[in-house]
Structures are given as C-alpha cells and as structure tokens.
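K.L.:
generate coordinates for the sequence data below:
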Amino acid sequence: MSEDLVKAAIKARTGAHAPYSDFFVGCAVESEDGEIALGANMENGCYRLGVCAEQSALAAAQIAFGLDKVVRLVVVGGSHAADGSKPGEPVMPCGGCRQAILEAASLSGRDIEVTCCDHTGKQRVVTSISALLPAAFTFEKG
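P.N.:
The predicted model follows:
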C-alpha cells in the first residue's frame, strides 16, 4: 500500500457532504495499472439515499478502469472537526460496502487489500476483503 493512496483518500474526504452526521469519509481505489479513483460520502435528508465513500469510489473506479482491475482501496474517516494532530479510530467499511468490494474482488479474481484509517491516515488496519467478509455471497457469471 502506498502513502500516495492514503493521501488521495484524505484528499477525497474533503469533498464529503455530511451535514447530518458531521462524519467525513474519503476513499481511494487503485487499479492494477496504478490508476486511482476517488469517492466521498454523500449524505441526504432521506437517510437511505446517502452514499458511502467506498460505494462512491467504486462507481468512479468502474467508469475509470473497471472493477475487474481493482487491487486495493483505502478508506479514511472521522469527525469533520477532528483535530489533525490527534489520532482517532480507523474507519471500517459497512456491510453493504464490504459486499460491494467483494463484487470487485469476484470480478478481478483477487483478494482486494483494504486499508482502514482514521482521519489523519496514521492509525491503520490493513486487511483484505476476505477477512472483512468471510463466507460471503459471491457473484459468478453464467
């Protein structure tokens, strides 16, 4: 995992729209060719219509280079008002996002690396989608 990917996720976080929770999340998805797609969480007054940063970044990745080329992703999050000098807790993908990452893994044939970070990018948990979603429902074409 490159530091550039963490920095990209931190940058993506600044584009979040979270007026209800004040919890800003950014995500950077990297392809096998080193291309990066970004996403941020977008809240909506109708809670169900909000979009997680991971879903946003995966949609951008599909358009940019295809989900079958996803190698790794980094998610960064925390309160918008969090002090950048004080560490927080790493943000983990929700269940729906785990399933979406698994869809990309199924298409790519690889166990996608997932790095979960706090708002500073310093506190990290590096794992894989198979560890985050064991015994998962998988997509098989045909």
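K.L.:
mean confidence for stretch 85-98?
P.N.:
For stretch 85-98, mean pLDDT is 92.
K.L.:
swap in stretch 134-142?
P.N.:
Per-residue scores along stretch 134-142 average to 71.
K.L.:
list the buried ones in the one helix or strand residue 99 maps to?
P.N.:
Residue 99 belongs to helix 95-108 when assigned by DSSP states H and E. Buried positions in helix 95-108, judged by neighbour count with 16 or more other Cβ atoms under 10 Å: 97, 98, 99, 100, 101, 102, 103, 104, 105, 106, 107, 108. Glycine gets a C-beta too; all of them are placed from N, C-alpha and C.
K.L.:
is residue 120 in contact with residue 90, as I believe?
P.N.:
No. Judged on Cβ atoms under 8 Å, residue 120 makes no contact with residue 90 at a distance of 10.3 Å.
K.L.:
so those two - more neighbours on which side?
P.N.:
Each of residue 120 and residue 90 has its neighbours counted (other Cβ atoms under 10 Å); residue 90 has more, 21 against 18.
K.L.:
ok, that one to residue 66 distance?
P.N.:
28 Å (Cβ to Cβ, to the nearest Å).
K.L.:
just to revisit the earlier point, what's the angle between the helix or strand that the helix holding residue 99 is followed by and helix 95-108?
P.N.:
Next along the chain after helix 95-108, taking DSSP H and E as the criterion, comes strand 113-117. If you take axes from the mean of the first three to the mean of the last three Cα atoms, to 10 degrees, strand 113-117 sits at 150 degrees to helix 95-108.
K.L.:
I appreciate the help and will end here.
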